[in-house]
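Student: here's my sequence, what's the structure:
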Amino acid sequence: MNTRSLWMQPLQSNDAAPLISSSPARYVRFGCFDLDRQRQELFREGVRIPMSRKVLEVLMILIERPGEVVTRETLRNRLWPPDFHVNYNANVNTTVNKLRLILGDSTDQPMFVATIPRRGYAFIAKTEFLDRPPVRESSSPLAASRDSARKERFQSGIAGKVLGLLLAGMIMGALVAYFALHQ
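Tutor: I've put the predicted structure just below:
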């Protein structure tokens, strides 16, 4: 969906009303991500992604209405109590930017979160709501080669450290022997 067309659309519901999930499904899959809404955890290709509570809340609010505009006011009302004194605009911006960073998204060519100028944000990725935990296909050749490269870097890092320790030990031994002979 084009962000320009979202910007031109009228809101389809009373934005001040609480957001109701578009699906009772526990799991949401989008791109290489899986969200467990009950446990409130996000996974990228099966690996849990640590994130702050506010950032996760923004993601969950946006996913409740995929493709629809969620106003900044709605985010503010859902994220902070009315008597809480904070610079809402800066905090909403910062929180959405942190979400984009975690998702590897961009403001110029968004894949997940689109900014709707002077209105709010929309979750634009194709979403799949699931009742069962998502099952990722066995590692693709790209993922397998990435995992093997990661393992090789780890092993070569350990080998390099062991070699460095051996070399340092040999040098220390040579220095001790040298000073013992020349005293």
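
Student: how many other residues sit next to the closest residue to residue 80 other than its chain neighbours?
Tutor: Leaving aside its sequence neighbours, residue 80 sits nearest to residue 86 (Cβ to Cβ, 6 or more residues apart in numbering; 6.0 Å). (Each C-beta comes from the backbone N, C-alpha and C, glycine too.) Residue 86 sits with 12 neighbouring residues when counted by other Cβ atoms under 10 Å.

Student: again with residue 28
Tutor: With other Cβ under 10 Å as criterion, residue 28 counts 26.

Student: next one: residue 95
Tutor: 19.

Student: doesn't it fall inside a strand?
Tutor: No: counting by DSSP: H, G, I helix; E, B strand; the rest coil, residue 95 is not found in a strand; it is helix.

Student: just checking, it touches residue 56?
Tutor: No: counting by Cβ atoms under 8 Å, residue 56 is not a contact partner of residue 95; they are 9.9 Å apart.

Student: which residues are in contact with both of the two?
Tutor: Common contacts of residue 95 and residue 56 (Cβ atoms under 8 Å, 6 or more residues apart in numbering): none found.

Student: just to revisit the earlier point, what's the spacing between the residue nearest to residue 80 and residue 114?
Tutor: 25 Å (Cβ to Cβ, to the nearest Å).

Student: circling back to that earlier point, what pLDDT does the residue nearest to residue 80 get?
Tutor: We have a pLDDT of 72 for residue 86.

Student: which SSE is it in?
Tutor: For residue 86, there is no helix or strand it lies in under DSSP states H and E.
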